[in-house]
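Novice: sharing a sequence plus its predicted fold:
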Amino acid sequence: MGTFPVLEDQMCEWIPGDGKSPDRVDALVWALTELLPPEKPGTPIPRFSGGFGVSGGVRI
């Protein structure tokens, strides 16, 4: 555990739609997405490329 002051600063200062999202914010989204189970067991996870500065797929 611990504190994440740089991540907190990025989250507070970033304006969605105003350029690429910060690297730490992207990493947080990826980590949380991987921790969430699919809505229904056995259901494929829809993914898309790009958008909001991410380089890979994002769970919808």
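Specialist: Nice, I can see it.
Novice: now the strand or helix carrying residue 9: buried residues?
Specialist: Per DSSP states H and E, residue 9 falls inside helix 5-13. In terms of neighbour count (16 or more other Cβ atoms under 10 Å), helix 5-13 has its buried residues at residue 10. (Each C-beta comes from the backbone N, C-alpha and C, glycine too.)
Novice: quick one: average confidence on the helix or strand that it is followed by?
Specialist: Next along the chain after helix 5-13, taking DSSP H and E as the criterion, comes helix 23-35. The pLDDT scores in helix 23-35 average 89.
Novice: distance from the chain centre to helix 23-35, please.
Specialist: In terms of Cα atoms, centre = their mean, to the nearest Å, the centre of helix 23-35 is found 4 Å from the chain centre.
Novice: in it, what's buried?
Specialist: Counting neighbours by 16+ other Cβ under 10 Å, helix 23-35 gives 24-26, 28 as buried.
Novice: tell me what that helix is packed against?
Specialist: Applying 3 or more Cβ pairs under 8 Å, 6 or more residues apart in numbering; DSSP states H and E, we find helix 23-35 packed against helix 5-13.
Novice: now the helix it packs on and helix 23-35, what's the angle there?
Specialist: 100 degrees (axes from the mean of the first three to the mean of the last three Cα atoms, to 10 degrees).
Novice: what's helix 5-13 in contact with?
Specialist: Contacts to helix 5-13, defined as Cβ atoms under 8 Å, 6 or more residues apart in numbering, come from residues 22-25, 28.
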